[in-house]
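Peer 1: Got a predicted structure plus its sequence, pasted below:
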Amino acid sequence: MQSQARVVIVGGGVMGISVAYGLALEGWTDTVLIEKGELTSGSTWHAAGQCPSFIANYTLAKVHAYSNDLYAKLEGMTGEATGWHASGGIRFAMNQMELDHFKRVEGVAALMGFRMQVVGPEEIRRINPFVTTEGVLAGAWTLDDGYVDPSSACNAMSKLARGLGATISRHNRVLGIDRLPTGAFLVRTEQGDITAEHVVNAAGCYADKVSAWLGVSTQFANMKHQYVVTGPVKEFVSRDTEIPVMRDPWASSYYRQEQTSGLIGIYEDHDTEEGWAGQTPPWESDHELFEPQLDRILPNLERVMERMPVFAEAGIKRVVNGAISHTPDSNPLVGPAPGVRNFWLATGTGIGIAQGPGCGRFLAQQMVHGDAEVNMLGMDPRRYGDFADKAYVQAKSHREYWDMYRLVPPGEERPEGRPAKSTPLYSRLAAKGCVFTEGFGWERPKWFSLDGREEEGTFRRNNVFEVVAAECRAVRERVGVMELPSFAAYGVHGAAAEAFLNRVYANRMPRVGGIVLAHALSANGRFATETTITRLAADRFFLLSGAVAHQRDLDLLRGAVLPGEDVAITDRTMDFTTLIVAGPRSRDLLTRLTTTDISTPAFPWLTGREVGVAGIPAKALRVNYVGELGWELHVPMAHAVALYDAIWAAGEPLGIADFGLYAMNSLRMEKAYKGWGAELTNEVTPVEADTMRFVKLDHDFTGRAAVEAVLAEGAATHLVYLGVDALDFDVAGGEPVFADGAVIGVTTSGGYGHSTGRSLAFAYVSSGHQAPGTALEIALLGERRSATVLAEPVWDPANTRLRA
Ligand SMILES: Cc1cc2nc3c(=O)[nH]c(=O)nc-3n(C[C@H](O)[C@H](O)[C@H](O)COP(=O)(O)OP(=O)(O)OC[C@H]3O[C@@H](n4cnc5c(N)ncnc54)[C@H](O)[C@@H]3O)c2cc1C
């Protein structure tokens, strides 16, 4: 085996092979894929081979679209039979909410060009004459769902990768990986050592062990999953058309025709088990299946037999009980590993046959070019941190497995693994009726149930709508307080701190006491992160980013320090919590708690400093995401309760109210504040996102040349702010936007502006549709609603309230 390669991939399942092929397509062919057994001998060989196109998440839909498209072509490209055929699929809706979900998915399908129809029970029975439709309201008929033989498809892909120059080393276990002082990796294998610039961990159920060699935690559980194959079904023998894959929430199962037999897969919704008793499999595991455990899936099987009586007569011929890695949010782990440059993950996928080729291609783009063409945030392994310990991962992953066929409606909070991270204020707020939601492990206030009501989970405006309206009113008319513990916070110090930050960020660093909103861009000029930067002293900066950016930003900042550069980066995330005090009476309130002059001449908008509030040392920043006079108070965790109590006591005569993230979203939409991860992603530059006011081209920063190039050429897509003629549901993101009947864009986020009574949204649209006043349409829960491009925020466009 060669002793050097640009990339070593550990694992020859569908993920590893897809990465090898993806890299080769992107131009990196000096790749060695190392597999301890035969290719696909982990989880891939025994997979049921279904590749659905019913996908609610826009990014994952692109992943699936890429895979299905490639599978359809593989046989023609290689001459290897792959068994691919577009079997189609039908998923049942048993209630109105599931039907609403279909309509959302139909929008994603329209964006992707997937063929999907919502059909009634009669039509379902026409398509599959063997199924009963008791209790079924409708079916989502996705005609582009496919089936592929996993091993054959992987062999065909590996043939293509080898043809382009990649090397595959089989029956060769990787024994360990060391980081060399040069930054390269020494990969030790049964067949000798190999030095590599990059390592990709595609080790499937073993990925945690492989990551651990480099001190990285990898979050998934190896769930046991079973499907059964029936004996021949005589009714299938005489037919020349295959029934589609049926996906049935009532039976929590999928079932389909497997040649002339039936294949039934079950996602049991309780008592789930992990393979190898929750441990990493032994290295000897190869083509391993577990003993059948029919008792665990019997109730579901009975339901399937009720639905498809023809299966009942066929008997069970074979049971496949294998392991699938499931992550705490069911998204795969694809992207950079935390803390170790050039170590990448391509693992953690519960439906890896359907997702492998897409994941492999987009990861390859990220590795080779710095950015993928799709928004990688939802798959980024760095979305988990230390909080995601084994107990957390197991609790969440099992729950995700149970819910594979249950619709989790918007608004529903699932208790597993929570609270993972909370501040000393948690119980105080909970006692006041705070309903929390989780972000990067943190418990964050979502809304306050003052009368004990519980939120109805739905895609439509619900029983919390009026509560959120009241919280918004408090902020707009009086004063609101909200704890947002989830900022990622860093200190950047040193004589070279300013020059360093000016190089990393596209905005210029402010004078002492000033605050800027700044974006770090990739070399391609696309968004890497968004940070609020306060200059506390000539050589001292305080940085705040979104919660989920925590590990990403640390990697970015630490990786950007030049040898010998006088810059120190400290992670302050766990030191502080944040209390946001905002509203026209916020100054009045804080004046009662501080001796510092907080009048506008002394403490203007976009400035910050260290002040005492109720005797507690706080970094007070005059900024916020709600568009009102107000301050963010960043205080040591230990003082959170005392400060909150003092604020509440001082605020009561002023009509203070608690508010949460629902209200914050409404308020920020009215101010047209964009969100990192939704509007500002690795897919776009500040030119498309219309954030050039935060980019100062008069200094040198990473990505400047790329931004200038887009400016010179003109952007092909543009972010627009829209007023929407909505009914009782607002834009959530991922809905198609139409002009003259054709899809010309996609929404990124939205919500209802309670203070203005307007439904609002952001969307990326193709050139020619961005001018204010342009009339567009958005598909909202299946209805085409008109929308108009707005010229400016609907609330306080001149920022007079912020400057007050
Ligand atoms: C019963 C069942 C049915 C399924 N049905 C479907 C389906 O219909 N559709 C779908 O999309 N998905 C399905 N899946 C899921 C799918 O099988 C997995 O998501 C997918 O195979 C994961 O691929 P992978 O490449 O990540 O892992 P694997 O296929 O497990 O590949 C990892 C490889 O890494 C190798 N390896 C590990 N450590 C080392 C080392 N140290 N040195 C060298 N090699 C190493 C292993 O030997 C293994 O071959 C099913 C799973 C099960 C269990």
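Peer 2: Sure thing, it's come through.

Peer 1: In the stretch 151-300 of the chain, what residue spans correspond to strands?
Peer 2: Secondary structure of the stretch 151-300 of the chain, counting by DSSP state E, counting those that start in this stretch: strands at 167-169, 174-179, 185-189, 192-201, 221-232, 245-248, 253-258, 261-266.

Peer 1: Over to the stretch 651-800 of the chain?
Peer 2: 657-658, 717-724, 736-739, 742-753, 758-766, 775-780, 783-789.

Peer 1: Would you mind putting the strands of the stretch 151-300 of the chain into TSV with distance to residue 709 alongside?
Peer 2: Every C-beta, even on glycine, is put in place using the N, C-alpha and C of the backbone. Converted to TSV, the strands of the stretch 151-300 of the chain look like this (distance: least, Cβ to Cβ, whole Å):
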stretch	distance to residue 709
strand 167-169	36
strand 174-179	35
strand 185-189	33
strand 192-201	27
strand 221-232	45
strand 245-248	45
strand 253-258	47
strand 261-266	49
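
Peer 1: Including mean neighbour count, could those strands go into TSV?
Peer 2: Below are those laid out as TSV (neighbours: other Cβ atoms under 10 Å):
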stretch	mean neighbour count
strand 167-169	19
strand 174-179	17
strand 185-189	19
strand 192-201	21
strand 221-232	22
strand 245-248	25
strand 253-258	24
strand 261-266	24
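
Peer 1: can you redo those as TSV with distance to residue 294 and mean pLDDT?
Peer 2: Listed next are the strands of the stretch 151-300 of the chain as TSV, based on distance: least, Cβ to Cβ, whole Å; pLDDT from 0 to 100:
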stretch	distance to residue 294	mean pLDDT
strand 167-169	37	98
strand 174-179	36	98
strand 185-189	40	98
strand 192-201	34	98
strand 221-232	8	97
strand 245-248	19	97
strand 253-258	14	96
strand 261-266	10	97
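
Peer 1: Quick check: which of these is nearest to residue 592?
Peer 2: strand 221-232 (50.9 Å; Cβ to Cβ).

Peer 1: ok, back up a step: how about the strands of the stretch 151-300 of the chain in a markdown table, adding distance to the ligand?
Peer 2: Shown next, in a markdown table, are the strands of the stretch 151-300 of the chain (distance: least, Cβ to the nearest ligand atom, whole Å):
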| stretch | distance to the ligand |
| --- | --- |
| strand 167-169 | 9 |
| strand 174-179 | 4 |
| strand 185-189 | 7 |
| strand 192-201 | 9 |
| strand 221-232 | 4 |
| strand 245-248 | 9 |
| strand 253-258 | 8 |
| strand 261-266 | 6 |
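
Peer 1: how about the helices in the stretch 201-350 of the chain?
Peer 2: 207-212, 234-237, 294-307, 309-312 (DSSP state H, counting those that start in this stretch).

Peer 1: For residue 496, which non-adjacent residue is spatially closest?
Peer 2: For residue 496, ignoring the flanking residues on the chain, the nearest one in space by Cβ to Cβ, 6 or more residues apart in numbering is residue 566 at 4.4 Å.

Peer 1: In contact with that neighbour, which residues?
Peer 2: 494, 495, 496, 497 (Cβ atoms under 8 Å, 6 or more residues apart in numbering).

Peer 1: Just the buried ones from those residues?
Peer 2: Neighbour counting by 16 or more other Cβ atoms under 10 Å classes 494, 496, 497 among the contacts of residue 566 as buried.

Peer 1: Show me where the stretch 551-700 of the chain has its helices.
Peer 2: Along the stretch 551-700 of the chain, counting by DSSP H, counting those that start in this stretch, helices occupy 586-591, 640-651, 661-670, 686-689.

Peer 1: any chance of the ones you listed in TSV, plus mean neighbour count and distance to residue 183?
Peer 2: Formatted as TSV, the helices of the stretch 551-700 of the chain follow (neighbours: other Cβ atoms under 10 Å; distance: least, Cβ to Cβ, whole Å):
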stretch	mean neighbour count	distance to residue 183
helix 586-591	21	48
helix 640-651	19	40
helix 661-670	25	40
helix 686-689	24	30
